[in-house]
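Colleague: Need a 3D model of the following:
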Amino acid sequence: MMLVGAIPAKQVPAGTNWPAYLGGALHSSFNRAERAITPASAKRLVLKWHFVGDPPTFKNQPTGYQSSPTVYGGAVYIGSATGWFYKLNALTGKVMAKRYIGFVPGRTCGTIGAGFVDTATVAIDKATGKPMVYVGGANEILYAMYASNLKVKWRSVIVVPSKVVSDYYQWSSPTVADGRIYIGISSHCDKPLVPGGLVSFNQITGARIRRFYSLPLPEVGGSVWSSAAVGSAGDIYISTGNPESKRGDPASSDAIVQLSPKNLRPLASFAVPKSQVIHDGDFGSSPTLFGRYVGACSKNGIYYALSRVKLRLVWWKRIGAPASKQLGFGRCVAATAYDGRHLYIGADRVHVNGQTYEGSITELNPATGRRIWVTGLPNAVLGTPSLDGAGVLAVGTYDFTATPNAIYLVNAATGRIIRTLLTGGNVFAQSVFADGRLYAATSAGVYSWGLPRGG
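Modeller: Below you'll find the predicted structure:
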């Protein structure tokens, strides 16, 4: 099903894009060109629109959004928990096109199922010169759709999921670089584990090129829940999950791995040190490239910074609490935001001036890991913070405490909370700065904030 419309030319914002998960292949989560929302002007932001989307198809089906907004050419592209994929007018929130992609039942995961979690990428098809939308459906199909109307150019099978158990599910967002699309392979909830890894496709045709297995077959585990980062020289980095526990931690599991862009051959790997390994200690955090380093946070609560050459450990820093039976899961799963000089990360439990907070946002020195400032928040930060060129961080929380979740705007220079934009609804998706606005997605819908008319 599809509904197609158009934005009048005079209404197309002359703004900047946020074309992919975490801002692009480097995963900087930073939009330097966005300077409209400053620490001073953030106090004047007003809600421009709120979009909910189509009602659920199945009884007790979850609604809302866990995917992050992708903003390109005056439109917002996003998939919903109900399985619908939308193109929205970035100015008004009106539906310009939509397509039903799919929803999978919970089966052995003990839930009622899920639609989209991964975030779309918009990139130019070099064969046609047209912008295309690339996104993986919950049904494990990778779609290439024309950005103009969401018409499908091609679709390719990522993996073939079971119709009986909850084996595969598309957590990982596609990364487009150098004519290829990279997307991770993971299980839905480890019931059962699957052979995790990364697969590459030809961007123009959708033809499968290579598949990397985190563990040698028939081993299972090593899920790539996160998304691949790709440097300007084509160097690829992924983070992987745990292996089947009874088999220990072989090969490239519970690790950060560098792969060859030509054939996805592993070039280097860093595994969590044995003394820091915990049960279910996945890397749920996508790697971020910052200067000479690459880093990611493990569910053991520790952030690891490595040299991009041979993945040697440069420094590590405890950011949050490790996964435990009490917490249910490790919540250091956010990637970092990096503006070329400063590194920011959100996580969970932290102690500040004798007080315990369930969430946090922290600035770290990217060369040493030294904590520059830390701000406690009422709830855990699961999604990655984003940063604009004027020094404003957008931080969302996702937790189940008595305190409502919220989106916080934080002064990146001081860590001071400037504004609480929204309370209520879980915020798993990354909020993004584009077109002079802030776009966010929560369990209650998609939102756009901007300055009032006249500034």
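Colleague: Check which helices and strands the helix or strand bottoming out on mean pLDDT in the chain sits against.
Modeller: The weakest-scoring helix or strand in the chain, judged by mean pLDDT, DSSP states H and E, is strand 350-352 (a mean of 87). Counting contacts by 3 or more C-beta pairs under 8 Å, 6 or more residues apart in numbering; DSSP states H and E, strand 350-352 is packed against strand 355-357, strand 359-364, strand 371-377. (Each C-beta comes from the backbone N, C-alpha and C, glycine too.)
Colleague: Looking at those, which is nearest to residue 319?
Modeller: Residue 319 sits nearest to strand 359-364 of all those, at 6.5 Å, using C-beta to C-beta.
Colleague: Parallel or antiparallel, list what pairs with the closest one.
Modeller: The strands that strand 359-364 pairs with in its sheet are strand 343-347 (antiparallel), strand 371-377 (antiparallel) (by DSSP bridges).
Colleague: and residue 275, that one's in a helix?
Modeller: Yes: the assignment for residue 275 is a helix, going by DSSP: H, G, I helix; E, B strand; the rest coil.
Colleague: Next one: it from residue 242, what distance?
Modeller: From residue 275 over to residue 242 the distance is 16 Å, taken as C-beta to C-beta, to the nearest Å.
Colleague: who has more neighbours, those two?
Modeller: Taking other C-beta atoms under 10 Å, residue 275 and residue 242 do not tie; residue 242 has more neighbours (23 against 5).
Colleague: Tell me which helix or strand residue 145 sits in.
Modeller: strand 141-146 (DSSP states H and E).
Colleague: Now tell me what touches that strand from outside.
Modeller: 85, 99, 101-102, 125, 130-137, 151-158, 174, 181, 183, 201, 203, 206 (C-beta atoms under 8 Å, 6 or more residues apart in numbering).
Colleague: Just the buried subset of those residues, written out for PyMOL, thanks.
Modeller: In PyMOL, this line selects whichever of the contacts of strand 141-146 come out buried by 16 or more other C-beta atoms under 10 Å:
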select buried, resi 85+99+101+102+125+131+132+133+134+135+136+137+153+156+158+174+181+183+201+203+206
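Colleague: Count the neighbours of the residue lying closest to residue 194 once chain neighbours are set aside for me.
Modeller: Excluding the flanking residues, the one nearest residue 194 by C-beta to C-beta, 6 or more residues apart in numbering is residue 187, at 4.5 Å. When neighbours are counted by other C-beta under 10 Å, residue 187 registers 24.
Colleague: same check, this time on the one 4 residues further on
Modeller: Other residues near residue 191 come to 13 when the count uses other C-beta under 10 Å.
Colleague: quick one: contacts for it?
Modeller: Counted by C-beta under 8 Å, 6+ apart, residue 191 has contacts 108-110, 165-166.
Colleague: how about CSV for the helices and strands packed on strand 350-352, with mean neighbour count, mean pLDDT and distance to residue 81 added?
Modeller: Converted to CSV, these look like this (neighbours: other C-beta atoms under 10 Å; pLDDT from 0 to 100; distance: least, C-beta to C-beta, whole Å):
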stretch, mean neighbour count, mean pLDDT, distance to residue 81
strand 355-357, 11, 91, 28
strand 359-364, 25, 96, 23
strand 371-377, 18, 96, 24
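Colleague: Pipe these into CSV and attach distance to residue 423 per row.
Modeller: CSV is the format used below for the helices and strands packed on strand 350-352 (distance: least, C-beta to C-beta, whole Å):
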stretch, distance to residue 423
strand 355-357, 17
strand 359-364, 14
strand 371-377, 12
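Colleague: among the ones you listed, which is nearest residue 227?
Modeller: Nearest to residue 227 among these is strand 359-364; the distance by C-beta to C-beta comes to 21.1 Å.
Colleague: Can you dump the C-alpha atoms of that closest one in CSV for me?
Modeller: The C-alpha coordinates for strand 359-364 follow below in CSV (Å, rounded to 0.1, in the frame of the first residue of the first chain):
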residue,chain,number,x,y,z
GLY,A,359,20.9,7.7,34.0
SER,A,360,23.8,10.0,32.8
ILE,A,361,25.3,12.0,30.1
THR,A,362,29.1,12.4,30.2
GLU,A,363,31.8,14.2,28.3
LEU,A,364,35.1,12.3,28.0
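Colleague: ok so, going back, report the buried residues of the least confident helix or strand of the chain.
Modeller: Of the residues in strand 350-352, those buried (16+ other C-beta under 10 Å) are residue 350.
Colleague: now stretch 277-292
Modeller: Here stretch 277-292 shows 278, 280-290 as buried, counting by 16+ other C-beta under 10 Å.
Colleague: gap between it and the chain center?
Modeller: 13 Å (C-alpha atoms, centre = their mean, to the nearest Å).
Colleague: picking up where we left off before, if you rank the contacts of residue 191 by neighbours, which is first?
Modeller: The member of these surrounded by the most neighbours (other C-beta under 10 Å) is residue 166, with 24 neighbours in all.
Colleague: is it true that that one touches residue 190?
Modeller: No: the criterion here is C-beta atoms under 8 Å, and residue 166 misses it with residue 190 at 9.2 Å.
Colleague: Going along the chain, name the strands of the stretch 101-250 of the chain.
Modeller: 121-125, 130-136, 141-146, 152-157, 175-177, 180-185, 197-202, 208-213, 229-230, 236-239 (DSSP state E, counting those that start in this stretch).
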